[in-house]
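# Just the structure for this:
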Amino acid sequence: MSAEAFNSLFSLLIGFALAGALASGYQAYSERPAGFELLQQGVTPQRFAAVPFLVFAAPFIIMRNTLRGARIERRRFEFVMLATVIAGFWSMMSGTFVVMTLRAAGVLT
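Numbers count the residues shown, from 1 in each chain. Below you'll find the model as predicted:
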């Protein structure tokens, strides 16, 4: 495996791990699952705080909703595959941001 492929895989995994940790932490704190309805609370400080949270937790939320929809609503395979690709790309981008931040802080080399 090349170094570039390994870095991309590492970013993908870090992105999904961070998304899962954020969504699970939110669910443990508020006793309800995180979702995109956090943006529909009107113009409040909570709505603005939800934006950065959802940027990093979105891959988990997308996959959770997609897998539930595939099981409950019998969504087509193509829709599930497209949502998986979108969540994976989003996870890789957020993971790349986290890895770059950790490198800039000197945590990773």
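# And residue 79, how close does it get to residue 2?
32 Å (Cβ to Cβ, to the nearest Å). (Each C-beta comes from the backbone N, C-alpha and C, glycine too.)
# Between these two, point out the one with more neighbours.
Ranked by neighbour count (other Cβ atoms under 10 Å), residue 79 and residue 2 place residue 79 first, with 13 against 7.
# secondary structure element for the more buried one?
According to DSSP states H and E, residue 79 maps onto helix 77-104.
# packing partners for that helix?
Where contact means 3 or more Cβ pairs under 8 Å, 6 or more residues apart in numbering; DSSP states H and E, helix 77-104 is packed against helix 3-30, helix 45-72.
# Mind listing what's buried along the helix or strand of the chain with the lowest mean pLDDT?
When the helices and strands of the chain are scored by mean pLDDT, DSSP states H and E, helix 45-72 comes last with a mean of 89. Applying a neighbour-count criterion of 16 or more other Cβ atoms under 10 Å, one finds 50, 53-54, 56-64, 66 buried in helix 45-72.
# Then stretch 99-109?
By 16+ other Cβ under 10 Å, the buried positions in stretch 99-109 come out as residue 99.
# okay, and for the protein, where does confidence drop off?
Judged against pLDDT under 70, the chain has no low-scoring part.
# 90 instead?
Counting by pLDDT under 90, the chain contains low-confidence residues at 1, 3, 36-51, 67-77, 80, 108-109.
# Roughly how far does the residue nearest to the spatial centre of the chain sit from residue 65?
Ranked by distance to the mean C-alpha position of the chain (Cα atoms, centre = their mean), the top residue is residue 59 at 2.7 Å. According to Cβ to Cβ, residue 59 stands 11 Å off from residue 65.
# swap in residue 36?
Residue 36 is 9 Å from residue 65, by Cβ to Cβ.
# What's the local residue count around the closest residue in space to residue 93 that isn't next to it in sequence?
Among residues not flanking residue 93 along the chain, residue 15 sits closest, at 7.2 Å (Cβ to Cβ, 6 or more residues apart in numbering). Residue 15 has 27 neighbours, counted by other Cβ under 10 Å.
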